[in-house]
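Q: Okay, predicted coordinates and the sequence, questions at the end:
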Amino acid sequence: MIDLSTSYLGLHLKTPIVASASPLSHHPDVVQRLEEAGVSAVVMYSLFEEQIIRTSLELDYLLTHGSESFAEALNYLPDHGKYSVGPERYIEQIHELKRKVNIPVIGSLNGVSPGGWLHYARLIEEAGADALELNIYAIPTDPNATGADLEQGYVDLVRNMRAEIKIPLSVKLSPYFSSLPNLAWRLMEAGAQGLVLFNRFYQPDFDMDTLSVVPNLQLSTSRDLRLPLRWVALLYGRVPVDLALTSGVHTGQDVIKAMMAGAKVAMMASALLKGNPEQQVRTVMSEIRTWMTDHEYESITQMQGSMAQRSVAEPNAYERANYMKVLGSYKDVGPIIPDVTLQAGMLYPVD
């Protein structure tokens, strides 16, 4: 009997497949079907810092606007139903999911600055969330802000968040840090029990007809797996946190690769958004079982970390030496570019 169970953030999970933050978590019935298909936990869509700030400003305006005009205004409160469009709805959604599913529900906060909005982390915990994922998604644009300052801000944010809640805390990162292992270690010391690798930045595009900047959402493919796969394999065993791999998980082999790199769970979003998400999960589950049977694996834990950098015969395959090897092995460069060979780290034409 194949054992597909794993653990993540202290949670016992029946499979390594987690539904990552996406619009699907808006629909408890869909999450129910995903649970039946084999998903072992769900991450809520993110509650953004900007939403919380906007809601707070709107409430402040409604409470104070006209308060000096007439005495009755001092007792005025906005209608709760009318203005419950942001954080309050998010809390209700957690309650609803917890009523409908038996798998862990992980809240998601997207923020980059310390402030009073952090108390929403506690509200998410009180609503019954089993863990919280802090989604750090910020584009630095100030040339006076140093990388060290930004990283320290993230570490402080995690420390402040840890002070607010008792449930497990993970941090979802981008790959764009000069020393990711160092930052990972500092986040662990600040209180993060897990790291989610990696966040995907949705790059804007230009509309040449309207001359406007427009959002451009492109779902991932299995080819996007390589970047997080490499870093999970590099961090495994170096930083004592649970690693979750996200971005590019579409097939059973993608999940198995994530486990062998050292991930505790593989998170899926794009693959589920392409249509019939529960069937996609069933297909992935079948592929995992078939592969494990064919290769005589008895459990997920048996394979976790088996292909991490510290476990393989050629650990430098994850590092710069592999860059030279890849360049040297590439042959099909087309009819226009002359054949090349790699010598001493440089490219030379070959007659």
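A: Thanks, I have it.

Q: following the host helix or strand of Val171, which helix or strand comes up?
A: Element membership for Val171, per DSSP states H and E: strand 169-173. As assigned by DSSP H and E, the chain's next helix or strand after strand 169-173 is helix 180-190.

Q: For the stretch 201-350 of the chain, give me the ranges with low pLDDT.
A: Within the stretch 201-350 of the chain, the ranges that satisfy pLDDT under 70 run 201-202, 320-350.

Q: follow-up on the earlier one: angle of the strand holding Val171 against helix 180-190?
A: Angle of strand 169-173 versus helix 180-190, following axes from the mean of the first three to the mean of the last three C-alpha atoms, to 10 degrees, is 160 degrees.

Q: Now tell me what touches strand 169-173 from outside.
A: Strand 169-173 is contacted from outside by 9, 106, 108, 131-137, 154, 158, 161-162, 180, 183-184, 187, 191-199, 242, 244, 246, using C-beta atoms under 8 Å, 6 or more residues apart in numbering. Just so you know, the C-beta spots here come from the backbone N, C-alpha and C atoms, and that holds for glycine as well.

Q: again, only using 7 Å
A: Contacts to strand 169-173, defined as C-beta atoms under 7 Å, 6 or more residues apart in numbering, come from residues 9, 131-136, 158, 161-162, 187, 191-199, 244.

Q: among those residues, which are in strands?
A: Ala131, Leu132, Glu133, Leu134, Asn135, Gly194, Leu195, Val196, Leu197, Ala244 (DSSP state E).

Q: Of those, which one scores lowest on pLDDT?
A: Least confident of those in the model: Asn135, at 88.

Q: of the contacts of strand 169-173, buried ones?
A: For those, a burial check counting by 16 or more other C-beta atoms under 10 Å picks out 9, 131-136, 158, 161-162, 187, 191-199, 244.

Q: returning to that earlier point: compute the mean per-residue pLDDT across the strand holding Val171, please.
A: For strand 169-173, mean pLDDT is 97.

Q: Indicate each strand paired with it and its parallel or antiparallel sense.
A: Strands adjacent to strand 169-173 in the sheet, as given by DSSP bridges, are strand 131-135 (parallel), strand 194-197 (parallel).

Q: Spatially nearest residue to Ala192, not counting backbone neighbours?
A: Val171 (4.7 Å; C-beta to C-beta, 6 or more residues apart in numbering).

Q: rewinding a little: which one of the ones in strands among the contacts of strand 169-173 is nearest Pro87?
A: Leu132 (13.9 Å; C-beta to C-beta).

Q: For that closest one, give me its contacts.
A: Ile106, Gly107, Leu109, Ala121, Ile124, Glu125, Ile165, Ile167, Leu169.

Q: so the residue nearest to Ala192 bridges to which residues?
A: Under the criterion used (DSSP bridges), Val171 bridges to Leu134, Leu195.

Q: And for it, the neighbour number?
A: 28 (other C-beta atoms under 10 Å).

Q: same question, the one 3 residues further on
A: By other C-beta under 10 Å, 15 other residues sit near Ser174.

Q: circling back to that earlier point, what subset of the contacts of Leu132 is buried?
A: So, by 16+ other C-beta under 10 Å, the buried ones in those are Ile106, Gly107, Leu109, Ala121, Ile124, Glu125, Ile165, Ile167, Leu169.

Q: In CSV: the residues you listed, plus secondary structure and distance to Met292.
A: Converted to CSV, the buried ones among the contacts of Leu132 look like this (DSSP: H, G, I helix; E, B strand; the rest coil; distance: C-beta to C-beta, whole Å):
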residue, secondary structure, distance to Met292
Ile106, strand, 26
Gly107, strand, 32
Leu109, strand, 35
Ala121, helix, 38
Ile124, helix, 35
Glu125, helix, 36
Ile165, coil, 36
Ile167, coil, 32
Leu169, strand, 31
